[in-house]
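Participant: model this:
(one chain, ligands or ions: 1)
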Amino acid sequence: MTLVCPKCGSGDVRSYRAIYESGTHVGSVAGYQHTVSSTLAATVQPPQDSPKVGRVGCSAVLTLFAPFVIASFVPGWWNGNVRGIALVVLFALGVYVTIRVFRGARDAGYPARAQAWNRSYYCMRCSHRFLL
Ligand SMILES: [Zn+2]
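Facilitator: Here you go, the predicted structure:
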């Protein structure tokens, strides 16, 4: 299959993946991983879902630890009283909500964006970007 730029007709068309993989170098210096990208490779980064998951992670941690934070203000909550049970239930609810939210964040839009990225091409002649 010969790819041709729909704008200028040039055959010098490359996939985002090819540009990204040929223009990106991942190295390690003193245990710290760093990524060096060419200017063009930097513009065709694959979609990332980690920032969103990171934010969800923060709220998840808050949700999970909220009962313990509350507990620290309620003396004797661990003595098997009603408040202790309520906190355990609250914690279980936090775990449940966290799992649901994590799944939602993972699924929301990311596969579609990753699929679009896999079908994205760049014209080396006129810089036109297009989907196949
Ligand atoms: Zn072109």
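Participant: which stretches of this protein form strands?
Facilitator: Using DSSP state E, the strands of the chain run over residues 13-15, 24-29, 32-37, 120-123, 129-131.
Participant: against the ion, how distant is Q48?
Facilitator: To the ion, Q48 is 27 Å away according to C-beta to the ion, to the nearest Å. C-beta: built from backbone N, CA, C; applies to glycine.
Participant: wait, I meant L132
Facilitator: From L132 over to the ion the distance is 14 Å, taken as C-beta to the ion.
Participant: could you measure from the nearest residue to that residue once chain neighbours are set aside over to the ion?
Facilitator: Of all residues not flanking L132 in the chain, R119 sits nearest, at 5.1 Å (C-beta to C-beta, 6 or more residues apart in numbering). Distance, R119 to the ion, using C-beta to the ion: 17 Å.
Participant: do Y122 as well
Facilitator: For Y122, the distance to the ion - C-beta to the ion - is 9 Å.
Participant: for S120, give the beta-bridge partners.
Facilitator: Taking DSSP bridges, one finds L131 as the beta-bridge partners of S120.
Participant: for this protein, what spans make up the helices?
Facilitator: Along the chain, counting by DSSP state H, helices occupy 16-23, 39-43, 50-72, 82-107, 110-118.
Participant: which residues of the chain lie near the ion?
Facilitator: Residues of the chain that fall close to the ion, judged by C-beta under 5 Å from the ion: C5, K7, C8, S10, C123, R125, C126, H128.
Participant: list the contacts of R125.
Facilitator: Contact partners of R125, counting by C-beta atoms under 8 Å, 6 or more residues apart in numbering, are C5, C8, S10, D12.
Participant: out of those residues, who's nearest E21?
Facilitator: Using C-beta to C-beta, D12 comes nearest to E21 of the contacts of R125, at 17.3 Å.
Participant: this completes my enquiry, with thanks.
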